[in-house]
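Output the structure for:
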Amino acid sequence: MGSECRKRVCRFGWLMALLVAVVTLAGCDEVRTPSVKDAEPLAQKLLTAREHQDWNTALSCYGHAFYRNTGKEAWLNYLQHVQQALGPLKSYTLESETADTRFSGDFYILQYHTVYAHGDAHEIITIREPSDKDQFHIIGDHIQAKGL
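Model prediction:
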């Protein structure tokens with residue numbers, strides 16, 4: 001009888017564990033893998049705007065979080081300094097891309113090889129899509145080149 005009782009308790013334990021797992025999983029949203037292809041159009045919009053020296057469009061690509069660290073006027077001055085030092089942006093090529101899902105949203109890191117009239121650069125653009133799917137915006141932009 002003791003052995004039979006233990007079997008029932010063990011079965012009941014497994015049944016409860018299975019029930020808890022089913023209830024927990026039922027409340028989960030579908031797991032979504034972020035796609036860098038979703039973020040690329042914003043980076044292309046930025047780089048195309050810089051190619052055409054359309055500073056207003058370029059500045060509109062950056063989010064509020066970016067401007068908290070770097071003021072809009074200061075960033076405009078920096079972008080214009082890059083153009084003065086390296087010449088106009090001629091072309092850009094995506095070299096690598098990374099996507100990362102976090103509780104606060106999806107993050108995309110795109111690395112570009114950029115070609116200017118007077119030299120090349122390496123640019124890393126970080127784009128965030130908030131978890132509420134508000135909209136993509138650039139939260140980081142690092143331009144690395146000789147002469148800067």
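
how about the helix or strand harbouring residue 65 as CSV, C-alpha atoms only?
Element membership of residue 65, judged by DSSP states H and E, is helix 64-69. Output of helix 64-69 as CSV, limited to C-alpha atoms (Å, rounded to 0.1, in the frame of the first residue of the first chain):
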residue,chain,number,x,y,z
HIS,A,64,15.0,61.4,-28.5
ALA,A,65,17.4,59.1,-26.6
PHE,A,66,20.2,60.0,-29.0
TYR,A,67,19.7,63.7,-28.6
ARG,A,68,19.7,63.4,-24.8
ASN,A,69,23.4,62.5,-25.0
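
same for that helix, what does it pack against?
In this structure, helix 64-69 packs against strand 137-144, with contacts taken as 3 or more C-beta pairs under 8 Å, 6 or more residues apart in numbering; DSSP states H and E. Heads up, the C-betas are built off the backbone N, CA and C, glycines and all.

Quick one: neighbours of residue 60, just the number.
Neighbour count of residue 60, defined by other C-beta atoms under 10 Å: 14.
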